[in-house]
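Peer 1: Mind folding the following:
(2 chains, ligands or ions: 2)
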Amino acid sequence: MSATTIDRPVAEKTPLTFGGVVRGEWVKLRSVRSSGLTVLGAALMMLVTGLVFASTVGSDSDGADGVTDPTGITLSGVMFAQLVTGVLGVLVVSNEYATGMIRSTLTAVPSRLPVLLGKVAVVVGTLFPTMLAVSFTVFLAGQAVMGGAKLPTAAVGDPGVLAALVGSAATMTGVAVIGVALGALLRSTAGAISTLVVLVFLLPGLGGLLLPASWRDDALKYLPSSASEAFTSVVPAPGLLGPSAGAAVFAAWVVVPLLLAAVLLRRRDA
Amino acid sequence: MIEVENLTKRYGPKTAVDGLSFTVRPGVVTGFLGPNGAGKSTTLRLLVGLDAPTSGGTKVNGKPYRRHRAPLREIGVLLEARAVHPGRSARDHLLAVGATHGIGAKRVDEVLDVVGLTEVARRRVGKFSLGMGQRLGIGVALLGDPRAVVLDEPVNGLDPDGIKWIRHLLRDLAAEGRTVFVSSHLMSEMALTADHLVVVGRGKLVADVPVADLIASTRRGVRVRTPRTSDLVAVLQGDGVEITSLGGGVVDVIGLSTEDIGTRALVAGIPLFELTPQRASLEEAYTELTRDAVEYRGTSERVAA
Ligand SMILES: Nc1ncnc2c1ncn2[C@@H]1O[C@H](COP(=O)(O)OP(=O)(O)OP(=O)(O)O)[C@@H](O)[C@H]1O
Ligand SMILES: [Mg+2]
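Peer 2: Ligands and ions are numbered 1, 2, ... in the order given. A predicted model of the protein is given here:
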């Protein structure tokens, strides 16, 4: 231990800024192992699922006639990958509560809201470009696999394909933002991840089993996974919302929890 | 400058801080003293807005903490509870906190050097010892080169060298004109470091005094027993001498040494049956101050009381 004191005042007395908060959140994101692992996990989930589906489709009795939506087949990994990106979103907040880091964070940024927005910014900024690139990769690779098997294929220029690719990246990113909100609302990794799994994964199935048939389909199409299907499908399944309605409903699933999280973050003791 | 005004914080039925008011001035080291559970850590959390007060408020350099444009440059805090992700390196932790205020690698490396963590800067904090963690926390407090530094139990887990280092650091920070506010539940530690004391018990202010005054008020006395109390009082009386009669031929004398008292009694031919220096330490003065304010007393003490 050399000096016992602060040498001299630092030259520039720069203030607290939103850009600074975003940079701080970026340093935090890149400096823990779980971030890289979850992004890698989501990418692998997309690639493996898409390629497995692409190479097994058409091998059943229907043959080439069974392939009505070659785009959807290669993007089928979204279903699982969105859970992994959701976990990343949860961890970005719940990790801070689990370790006490949140106290350092909120002491540096006492107005608090920039922290939540900063976390959303780095999660979106990391996941959207990455998952977009992954979506394109698995789409192109999957079409090549199916083309090699003499099955119908799609091209990026075909109607609805670009929207499906961008929409898939947006879905996985959006679920991550829902994860951020749940992490901030529940402050617990286990609680937030369970809630997320129930919401995007179990509820569609459970609802199908438990809700009365008369209004089951009307209710289920408003769930986040059905809403995102409505704007990521080239050949939509029956009973979904229209693409713009689906996008609006999905956006509400992202924005409403985030607003609630913002209000509670301001109100509660850290 | 730190101002605490009528501060109250309740957690459910529990009142942790109860109408507390005091001011911490720049240029001196102020100790924040009180038994376990007295509300010290709570007061410090309220100061930087981690918890919201039930009523009353606090100001740092004239404004509520959250109103400052660069909070970390106004006040740097080390909190009692851990506030670091164990998977991150010390350097990344400082970079992440500093980035919010545009504080970059240069200052971070400077601070790592000041707190003696340069060698382990890139190691995961989870592998740090208690003392190294404490040094990192102090590093965070110093990061913004703040006008006020607040440390909650900073000597926790530090070895004697580390404790000495903290003492010097605090004195230097105060000498630079900064406000320095340090909590502890050990009077002995504060007696060596602090110039001024804010003492709390059960969330209430117990004392707000210069250390010198407290020392003066607890000067060691001498207990004297003699059959001729009034004669003895007559020969001992004088400036700065305080004599208390306890009855039964016993008096307590403050302001004279045993040698003085013995010699004067001999000269006047007064027999002495007892001449005992009283060991009233600063520690005892503190115990006395907080006697009614101790929240968690050991059972043995309760039996004795
Ligand atoms: N978040 C909380 N919820 C409920 N009670 C709390 C909370 N924080 C503190 N308390 C209670 O408030 C009182 C004051 O606690 P505080 O930690 O401020 O004391 P302290 O003076 O720092 O004690 P110590 O010397 O042990 O660190 C204690 O009785 C504690 O149990
Ligand atoms: Mg404490």
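
Peer 1: residues in contact with the residue lying closest to residue B:267 once chain neighbours are set aside?
Peer 2: Among residues not flanking residue B:267 along the chain, residue B:235 sits closest, at 7.7 Å (CB to CB, 6 or more residues apart in numbering or on different chains). Just so you know, the C-beta spots here come from the backbone N, C-alpha and C atoms, and that holds for glycine as well. By CB atoms under 8 Å, 6 or more residues apart in numbering or on different chains, the residues touching residue B:235 are B:264-265, B:267-268, B:270.

Peer 1: Looking at those, which is nearest residue A:133?
Peer 2: Nearest to residue A:133 among the contacts of residue B:235, counting by CB to CB, is residue B:264 at 95.0 Å.

Peer 1: mind checking which helix or strand the closest one is in?
Peer 2: Here residue B:264, judged by DSSP states H and E, is contained in helix B:258-268.

Peer 1: tell me the average confidence for that helix?
Peer 2: Across helix B:258-268, the average pLDDT comes to 91.

Peer 1: Could you look up the next helix or strand downstream of it?
Peer 2: The element immediately downstream of helix B:258-268 (helix or strand, assigned by DSSP H and E) is strand B:274-277.

Peer 1: That next one packs against which elements?
Peer 2: Applying 3 or more CB pairs under 8 Å, 6 or more residues apart in numbering or on different chains; DSSP states H and E, one finds that strand B:274-277 makes contact with strand B:221-225, helix B:258-268.

Peer 1: pLDDT wise, what is residue B:277 at?
Peer 2: 81.

Peer 1: Go ahead and confirm it touches residue B:222.
Peer 2: Yes - between residue B:277 and residue B:222 there is a contact under CB atoms under 8 Å: 5.5 Å.

Peer 1: anything in contact with each of these two?
Peer 2: Both residue B:277 and residue B:222 are contacted by residue B:258, under the criterion CB under 8 Å, 6+ apart.

Peer 1: List the buried residues of stretch B:124-141.
Peer 2: Neighbour-count burial for stretch B:124-141 flags B:124-125, B:128, B:131-141 (criterion: 16 or more other CB atoms under 10 Å in any protein chain shown).

Peer 1: Which one among those sits at the bottom for pLDDT?
Peer 2: residue B:131 (90).

Peer 1: Name the residues that touch the one helix or strand that one maps to?
Peer 2: Per DSSP H and E: residue B:131 is located in helix B:130-142. The contact list for helix B:130-142 (CB under 8 Å, 6+ apart) reads A:6, A:104, B:76-79, B:82-84, B:90, B:93-94, B:97, B:111-112, B:114-117, B:120, B:125, B:128, B:149-151, B:154-159, B:162, B:166, B:169.

Peer 1: Could you list the contact residues of the stretch 101-250 of chain B toward ligand 1?
Peer 2: Counting by CB under 6 Å from any ligand atom, the stretch 101-250 of chain B comes close to ligand 1 at residue B:185.

Peer 1: repeat that with 8 Å
Peer 2: B:152-153, B:183, B:185, B:200, B:203 (CB under 8 Å from any ligand atom).

Peer 1: What of the stretch 151-270 of chain A?
Peer 2: Applying CB under 8 Å from any ligand atom, we find that the stretch 151-270 of chain A lies next to ligand 1 at residue A:269.

Peer 1: Now the residue in the stretch 1-150 of chain B that ligand 2 sits nearest to. Nearest residue, chain neighbours left out?
Peer 2: Here the stretch 1-150 of chain B gets closest to ligand 2 at one residue, residue B:41, 3.1 Å apart by CB to the ion. With CB to CB, 6+ apart as the criterion, residue B:41 has its nearest non-adjacent residue at 4.6 Å, and that residue is residue B:80.

Peer 1: Repeat that for residue A:156.
Peer 2: Computed as CB to CB, 6+ apart, the closest residue to residue A:156 that is not its neighbour in sequence is residue A:162, at 6.1 Å.

Peer 1: residue contacts, residue A:17?
Peer 2: B:100-102.

Peer 1: Which secondary structure state does the residue nearest to residue B:41 sit in?
Peer 2: Here residue B:80 is coil, with the state taken from DSSP: H, G, I helix; E, B strand; the rest coil.

Peer 1: wait, it sits on residue B:36?
Peer 2: No - proximity of residue B:80 to residue B:36 does not meet the contact threshold set by CB under 8 Å, at 11.3 Å.

Peer 1: how about the helices in the stretch 1-150 of chain A?
Peer 2: Taking DSSP state H, counting those that start in this stretch as the criterion, the stretch 1-150 of chain A contains helices spanning A:18-30, A:33-56, A:70-74, A:78-99, A:101-108, A:113-148.

Peer 1: quick one: which of the ones you listed is nearest residue A:182?
Peer 2: When the helices of the stretch 1-150 of chain A are compared by CB to CB, helix A:78-99 sits nearest residue A:182, at 6.0 Å.

Peer 1: hmm, that closest one in reach of ligand 1?
Peer 2: No - against ligand 1, helix A:78-99 shows no contacts by CB under 8 Å from any ligand atom, the least distance being 13.4 Å.

Peer 1: Which elements pack onto that helix?
Peer 2: Counting by 3+ CB pairs under 8 Å, 6+ apart, helix A:78-99 packs on helix A:18-30, helix A:33-56, helix A:101-108, helix A:113-148, helix A:161-186, helix A:189-197, helix A:224-232.

Peer 1: Among those helices, single out whichever gets nearest to residue B:19.
Peer 2: Among the helices and strands packed on helix A:78-99, helix A:101-108 comes nearest to residue B:19, with 24.8 Å by CB to CB.

Peer 1: Against which helices or strands is that closest one packed?
Peer 2: Right, helix A:101-108 is packed against helix A:18-30, helix A:78-99, helix B:71-74, helix B:90-99 by 3+ CB pairs under 8 Å, 6+ apart.

Peer 1: Generate CSV for these, with mean pLDDT as supplementary columns.
Peer 2: Output for the helices and strands packed on helix A:101-108, formatted as CSV (pLDDT from 0 to 100):
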stretch, mean pLDDT
helix A:18-30, 97
helix A:78-99, 96
helix B:71-74, 96
helix B:90-99, 97
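
Peer 1: Dump those helices to CSV, plus distance to residue A:109.
Peer 2: Shown next, in CSV, are the helices and strands packed on helix A:101-108 (distance: least, CB to CB, whole Å):
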stretch, distance to residue A:109
helix A:18-30, 6
helix A:78-99, 12
helix B:71-74, 8
helix B:90-99, 10
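
Peer 1: can you tell which of the ones you listed is closest to residue B:32?
Peer 2: If you check each of the helices and strands packed on helix A:101-108 against residue B:32 by CB to CB, helix B:71-74 wins as the nearest, at 18.1 Å.

Peer 1: Can you tell me how far the residue in the stretch 1-150 of chain A that ligand 1 sits nearest to is from residue B:83?
Peer 2: Proximity of the stretch 1-150 of chain A to ligand 1 (CB to the nearest ligand atom) peaks at residue A:103, 11.9 Å away. Applying CB to CB, to the nearest Å, the value for residue A:103 to residue B:83 is 4 Å.

Peer 1: can you give me the strands for chain B?
Peer 2: Per DSSP state E, chain B carries strands over the ranges B:2-11, B:14-24, B:29-33, B:55-60, B:75-78, B:148-152, B:179-184, B:196-201, B:204-210, B:221-225, B:242-247, B:250-254, B:274-277.

Peer 1: Check the offset of the first one from the chain's centre.
Peer 2: In terms of CA atoms, centre = their mean, to the nearest Å, the centre of strand B:2-11 is set 18 Å apart from its chain centre.

Peer 1: Now look at stretch B:276-293 and say if it contacts ligand 1.
Peer 2: No - against ligand 1, stretch B:276-293 shows no contacts by CB under 8 Å from any ligand atom, the least distance being 10.5 Å.

Peer 1: For the residue in the stretch 201-305 of chain B that chain A sits nearest to, the count of nearby residues, please.
Peer 2: Distances between the stretch 201-305 of chain B and chain A by CB to the nearest CB are smallest at residue B:203, namely 16.3 Å. By the criterion of other CB atoms under 10 Å in any protein chain shown, residue B:203 has 25 neighbours.
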